[in-house]
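K.L.:
build me a model:
(chains A, B, C and D, ligands or ions: 8)
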There are 4 protein chains.
Amino acid sequence: MIQMTLIQIDNYGPWTVTPSPKAESDLQILQAELYADLEQQFAARGGLVFFTRFDNMLAISNNISIEDHKHIQKSIGNRYPITISMGIGAGNTPYDAQYNATKALQKYGSAQSPKRKEILAVDSIAENGFVQIAHIDINGITKKLTDTVSAYDTFLFVNKVYQILMDELFKKGALIFFIGGDNFMSLCNGVKTNALLKILKIVDEELNIELKAGVGKASTAYKAANLADLALEAIREGNTSSLVHMIEEKEMIN
Amino acid sequence: MIQMTLIQIDNYGPWTVTPSPKAESDLQILQAELYADLEQQFAARGGLVFFTRFDNMLAISNNISIEDHKHIQKSIGNRYPITISMGIGAGNTPYDAQYNATKALQKYGSAQSPKRKEILAVDSIAENGFVQIAHIDINGITKKLTDTVSAYDTFLFVNKVYQILMDELFKKGALIFFIGGDNFMSLCNGVKTNALLKILKIVDEELNIELKAGVGKASTAYKAANLADLALEAIREGNTSSLVHMIEEKEMIN
Amino acid sequence: MIQMTLIQIDNYGPWTVTPSPKAESDLQILQAELYADLEQQFAARGGLVFFTRFDNMLAISNNISIEDHKHIQKSIGNRYPITISMGIGAGNTPYDAQYNATKALQKYGSAQSPKRKEILAVDSIAENGFVQIAHIDINGITKKLTDTVSAYDTFLFVNKVYQILMDELFKKGALIFFIGGDNFMSLCNGVKTNALLKILKIVDEELNIELKAGVGKASTAYKAANLADLALEAIREGNTSSLVHMIEEKEMIN
Amino acid sequence: MIQMTLIQIDNYGPWTVTPSPKAESDLQILQAELYADLEQQFAARGGLVFFTRFDNMLAISNNISIEDHKHIQKSIGNRYPITISMGIGAGNTPYDAQYNATKALQKYGSAQSPKRKEILAVDSIAENGFVQIAHIDINGITKKLTDTVSAYDTFLFVNKVYQILMDELFKKGALIFFIGGDNFMSLCNGVKTNALLKILKIVDEELNIELKAGVGKASTAYKAANLADLALEAIREGNTSSLVHMIEEKEMIN
Ligand SMILES: Nc1nc2c(ncn2[C@@H]2O[C@H](COP(=O)(O)OP(=O)(O)OP(=O)(O)O)[C@@H](O)[C@H]2O)c(=O)[nH]1
Ligand SMILES: Nc1nc2c(ncn2[C@@H]2O[C@H](COP(=O)(O)OP(=O)(O)OP(=O)(O)O)[C@@H](O)[C@H]2O)c(=O)[nH]1
Ligand SMILES: Nc1nc2c(ncn2[C@@H]2O[C@H](COP(=O)(O)OP(=O)(O)OP(=O)(O)O)[C@@H](O)[C@H]2O)c(=O)[nH]1
Ligand SMILES: Nc1nc2c(ncn2[C@@H]2O[C@H](COP(=O)(O)OP(=O)(O)OP(=O)(O)O)[C@@H](O)[C@H]2O)c(=O)[nH]1
Ligand SMILES: [Ca+2]
Ligand SMILES: [Ca+2]
Ligand SMILES: [Ca+2]
Ligand SMILES: [Ca+2]
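P.N.:
Ligands and ions are numbered 1, 2, ... in the order given. You can find the predicted model right below:
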């Protein structure tokens, strides 16, 4: 079981235009700082947050208690002009977990209701669960694109890769998030490395670009991401012949 | 003429894995804070930055001098573990501007060369130019999606909208960036409101969702974004019958 | 036993002037953000940091493991242009704890040695210790000073209060830090409320100003500070007749 | 004439304890981030902010227009849970400037009135003024104190230096602020280098410690601080025999 938390800014849309539209630069700074802040607070407890739509963020929260969620929620409320509500859900697939988290929160009213504020809605908690993360990266993007074509063309290309990965992983109940550069993180509990390899091949066939994926499996997102990074480095350094390589947390194997 | 600046982290890929892969949460915090910081510094001078790929960001920089760019570059170098290089370019279309900015920087060596550091490469500066920004927003996303389907499903949907907008605007030399929620900002100097309306219709036909676009035209990005917001509010409040509405800076009209 | 951590920026003096003096505004931003960051990371684990001299900060770290310290140290190293070394020490008085923490770190070389980097020096850890914090506040500063005299005159006055409190608390092995406004936090394990009351009276006699002190005693700094705040509110609301009031963590009393 | 701005958080005291006392760590993070933010925004316009009491900060604002102040004020209001009011004043001495700035703001009501919000009170603006800053630093603090005695003892010593400097500079209408480490910045328009030298000697006689002061004189705080740094380096490197050295902006000398 993977545990996910949906973090939603309360009644944010109306706030951005009251009393008159706030400067877009201020909103961008606010959103980026809120994301960095939540990342810091979840990571300190073994979690990982993805910026998603910025007003709605998804986090892996295995091992993070309801008490900890409350603490984070209060800390944000104390330091920002907005408040956040959260939904927590567990599931066998990441898709199910975020689905359950969303449904739990939706029961408390609309994201744009002025009445719904600082809700912590719990559907389910994952006890003794695990997190599987694939860190997916484009091979040689620097030489092929960044150093050669225009910055926006590279950006468009990375988005095309993203779109295919989204579509294919969705079929497996897996989620994927862009994390900057040419990198993606897929939450893919239950997806076999072979299935991942097939998906990377689909991208290669459609866009003529090779990808690689380091996969980590561990009791928390923090550790799983770290193992995924090590697996990716193993591929990069040629220590494994495949484009997909998985490392599991030692305690979990036994 | 619109002026754009490409901001590129120097030799970032190798840094992220030296001496061993850095925790992804730390990289996410670093990237988000760097973006927020640059947004603050460009906005203080009338500009606007888009996070793009985070290691490569694009900014509108009309009215921002080379001296100011140097100041920003130095300030980042003083406060972060990484440095940034920048390319500045002007063009009749935003695509051309960023193209020229990229080419100027690429001349100084690879994004992953340890030798290329804190470069400020100038192709061209836009004197007396202007900025046209379309703030594009989905109608009623809260009721239709956020409050109804799962957070990830809404996210997927927003990305589908993004993909079509990217493809269609590209044909006009216009750029588009997701700015959070259900919002996009298109840099679209030279694109007529009628052409924008057609693009919104294409999205509606393909995905069955209505969009609206407030357009601002001004001497700086900061002002253009502000006018775009006001135009969007005019549509939202029913003060204009069309789904695309444009407001120009007063001084520019005369 | 209280446990304290000395956080020291490595080789900071020379860095600020290499290759030429860095803009003071950049250093101020860097220092304030580093402090905010460490505060966040220590607070997430039950601790509390005081900015002290900014290049040398003191934290209460009861219940924060060596592993956690390493995690924080690495996270700072990943996101700032500077690194930090830390010393950890326990003691019956806060003075002794910080003394032991300092001595442990000093053994590894000079604060301005380029060779000493990211050291974690452990003198001692406080198992089952406790933290006593007095939150000291000036009565009615708004009416008496802020609204009446110039901002700098108020500032000078607050510093005079600070100086007397420093001198008097020092005699008891207690530390004190300015935390903004008209507020001070004293780490005062082992100091009786009666002794605190006498010190407040000395200030009143010398400067003709009444102070109040809420005291909290708990297993972590986070909780002790919270109880101190509640005790201060009890005085402010007249729920206690004395100018010093103490609340202890429930579990500790039994 | 030097121009100063008093920045005051509106109705902050009551906010910190409503509905119940907020965690001190959250307040510390909020205050430090607000300060860093204001520093960034003032510095982008040639100014410099000192944290002072954190709820009341003093800034040098020569060359920063009322329009710019409004922009900064609004940007803070958009991104923080609190708002700020400001007073602007000019004077021949820094003391007078901050005095005028304070008086202008005080006219609008109490710092703790819920009615007084986001005020921008202008007493006077300094046209063609100048800023004189002395960057004062302790000689050899690392060897003498940081590496030898405990962190808190060094801190106490630096505060004793601070107290004497405050008292002596006050007599000249000059202000002084601790800026971290063993460093102070004095705003000292109109004070001769000789007078500064005498003050450093007083400290030496009372505390047996040598100080040095680099002095900068320029049209903005940003430039004056920079020249002060260069002057300090000139002393440090032995390029001047005196412990006080002044550099003036070229344009100003002619
Ligand atoms: N978020 C994140 N981004 C990374 C990481 N590693 C690299 N990147 C990004 O990816 C970009 C490209 O770097 P690389 O992937 O090393 O470059 P490449 O040319 O594709 O080289 P190879 O992947 O080794 O073939 C960098 O600029 C970073 O933005 C990481 O661990 N996390
Ligand atoms: N970056 C940015 N995001 C905004 C802005 N206004 C709204 N949003 C985002 O858009 C999301 C949805 O808000 P709205 O667009 O007001 O909601 P809606 O249900 O689509 O309502 P209508 O657009 O009025 O039909 C919010 O949660 C914000 O994330 C803005 O000016 N800038
Ligand atoms: N760091 C910190 N500062 C506080 C706290 N409470 C108040 N302050 C600061 O203290 C300043 C003065 O507020 P108060 O102490 O409420 O005002 P006062 O006029 O002295 O009123 P009384 O203390 O009730 O007599 C505020 O502007 C804040 O800067 C707190 O819990 N922590
Ligand atoms: N804010 C700020 N702090 C500085 C600056 N330069 C040094 N410091 C601080 O001062 C501390 C001591 O550094 P130095 O003054 O170089 O050390 P020192 O041993 O006194 O050496 P000398 O001054 O050269 O005799 C550093 O840790 C910094 O905190 C500066 O330009 N601005
Ligand atoms: Ca790559
Ligand atoms: Ca919308
Ligand atoms: Ca008070
Ligand atoms: Ca010194």
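K.L.:
show me the helices in the stretch 1-150 of chain A, by range?
P.N.:
Counting by DSSP state H, counting those that start in this stretch, the stretch 1-150 of chain A has helices at residues A:12-16, A:24-43, A:66-79, A:94-106, A:141.
K.L.:
thought A:Phe86 was touching A:His69?
P.N.:
Small correction: residue A:86 is Met, not Phe. Yes: using CB atoms under 8 Å, A:Met86 is in contact with A:His69, at 5.8 Å. Every C-beta, even on glycine, is put in place using the N, C-alpha and C of the backbone.
K.L.:
now do the shared contacts for these two.
P.N.:
Residues touching both A:Met86 and A:His69 (CB atoms under 8 Å, 6 or more residues apart in numbering or on different chains) are A:Thr5, A:Leu120.
K.L.:
ok, and the closest non-adjacent residue to the residue in the stretch 51-200 of chain A positioned nearest to ligand 3?
P.N.:
For the stretch 51-200 of chain A, the residue closest to ligand 3 is A:Asn78, as judged by CB to the nearest ligand atom, at 11.1 Å. Computed as CB to CB, 6 or more residues apart in numbering or on different chains, the closest residue to A:Asn78 that is not its neighbour in sequence is D:Asp26, at 4.0 Å.
K.L.:
and A:Leu120, by the same measure?
P.N.:
A:Leu120 sits nearest to A:Met86 (CB to CB, 6+ apart), 5.3 Å away.
K.L.:
what of A:Thr93?
P.N.:
A:Gly173 is the one closest to A:Thr93 (CB to CB, 6+ apart), at 3.1 Å.
K.L.:
which residues are in contact with stretch A:141-153?
P.N.:
Applying CB under 8 Å, 6+ apart, the contact partners of stretch A:141-153 are A:154, A:157-158, A:181-182, A:209, B:6, B:8, B:13, B:52, B:56, B:58, B:95, B:98-99, B:101-103, B:106, B:110-112, B:175.
K.L.:
and it, end to end?
P.N.:
Length of stretch A:141-153, first residue to last, CA to CA, to the nearest Å: 12 Å.
K.L.:
what sits against the residue in the stretch 101-250 of chain A that ligand 7 sits nearest to?
P.N.:
Nearest residue of the stretch 101-250 of chain A to ligand 7, counting by CB to the ion: A:Glu118, 28.2 Å away. Listed by CB under 8 Å, 6+ apart, the contact partners of A:Glu118 are A:Asp10, A:Gln73, A:Gly77, A:Thr83, A:Ile84, A:Ser85.
K.L.:
and what of A:Thr5?
P.N.:
With CB under 8 Å, 6+ apart, A:Thr5 has these contacts: A:Phe42, A:Gly47, A:Leu58, A:Ala59, A:Ile60, A:Ser61, A:Ile64, A:His69, A:Met86, A:Gly87, A:Ile88, A:Ala101.
K.L.:
ok, A:Glu127 - how many residues close by?
P.N.:
Neighbours of A:Glu127 under the rule other CB atoms under 10 Å in any protein chain shown: 10.
K.L.:
would you confirm that A:Ile64 contacts A:Phe42?
P.N.:
Yes: taking contacts as CB under 8 Å, A:Ile64 lies within contact range of A:Phe42: 6.9 Å.
K.L.:
next, format the contacts of A:Thr5 as JSON lines and append distance to D:Ala228, pLDDT and neighbour count.
P.N.:
As requested, the contacts of A:Thr5 are exported to JSON lines (distance: CB to CB, whole Å; pLDDT from 0 to 100; neighbours: other CB atoms under 10 Å in any protein chain shown):
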{"residue": "A:Phe42", "distance to D:Ala228": "42", "pLDDT": "98", "neighbour count": "26"}
{"residue": "A:Gly47", "distance to D:Ala228": "45", "pLDDT": "98", "neighbour count": "27"}
{"residue": "A:Leu58", "distance to D:Ala228": "49", "pLDDT": "98", "neighbour count": "27"}
{"residue": "A:Ala59", "distance to D:Ala228": "46", "pLDDT": "98", "neighbour count": "27"}
{"residue": "A:Ile60", "distance to D:Ala228": "49", "pLDDT": "98", "neighbour count": "32"}
{"residue": "A:Ser61", "distance to D:Ala228": "49", "pLDDT": "98", "neighbour count": "33"}
{"residue": "A:Ile64", "distance to D:Ala228": "48", "pLDDT": "98", "neighbour count": "24"}
{"residue": "A:His69", "distance to D:Ala228": "48", "pLDDT": "98", "neighbour count": "23"}
{"residue": "A:Met86", "distance to D:Ala228": "49", "pLDDT": "98", "neighbour count": "25"}
{"residue": "A:Gly87", "distance to D:Ala228": "54", "pLDDT": "98", "neighbour count": "26"}
{"residue": "A:Ile88", "distance to D:Ala228": "53", "pLDDT": "98", "neighbour count": "26"}
{"residue": "A:Ala101", "distance to D:Ala228": "54", "pLDDT": "98", "neighbour count": "32"}
